[in-house]
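Trainee: Quick one: sequence and predicted model below, then my questions.
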Amino acid sequence: MHSFLENGQSLHDVLPPDQRNLQLEATARDGEGWKVPPIPAEVFNVNSGDREWVDRQCTMQPLATFQQDIKLTGKASAIKNITFILATGFADSPFTQFYEPAKAKGWKTLTIPCGHDVMLDLPEKLTQVLEEIANPALRAASL
């Protein structure tokens, strides 16, 4: 189990090795060696009605976005109202490892049973959750 990214780490430091290796292999096949091919929507379990559209929108991404070390100043610890939303409906999610550490930090934690692209799979549910996060009085009224 990993924790959150620490100062000086990159996303590749916390990705499961098989996912990181697949990404590096795909990047090497690109020919230029610096662009990561888009991950197919099916991998993220995007609903079948939106998969083709999502795949058409996706473009390559620089490998450096996964390998560049994060620079943290410590100022994020001053933020008191943080909510971690985990989409639980896709296999091999690299984000599952962050759910329990978020809870242990005292963050509000929620799960939504859909693929990675919650805004496509359950837009009404996501809107409700985000409105309740932004306005706690809405949450109290819906209980």
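Mentor: Received, thanks.
Trainee: List the contacts of the residue nearest the centre of the chain.
Mentor: Nearest to the mean C-alpha position of the chain, counting by Cα atoms, centre = their mean, stands residue 95 at 5.7 Å. Neighbouring residues of residue 95 by Cβ atoms under 8 Å, 6 or more residues apart in numbering: 86, 87. In short, each C-beta sits where N, CA and C put it, glycine included.
Trainee: again, 10 Å this time
Mentor: By Cβ atoms under 10 Å, 6 or more residues apart in numbering, the contact set of residue 95 is 84, 85, 86, 87, 88, 102, 116.
Trainee: What about the residues you listed, which are in strands?
Mentor: 84, 85, 86, 87 (DSSP state E).
Trainee: Can you tell me which of the residues you listed has the most neighbours?
Mentor: Among the ones in strands among the contacts of residue 95, the one with the most neighbours (other Cβ atoms under 10 Å) is residue 87, at 21 neighbours.
Trainee: What count of nearby residues applies to residue 118?
Mentor: 19.
Trainee: In terms of pLDDT, where does the closest residue to residue 118 other than its chain neighbours sit?
Mentor: Residue nearest to residue 118 in three dimensions, not counting chain neighbours: residue 126, with 4.8 Å by Cβ to Cβ, 6 or more residues apart in numbering. Note on residue 126: pLDDT of 96.
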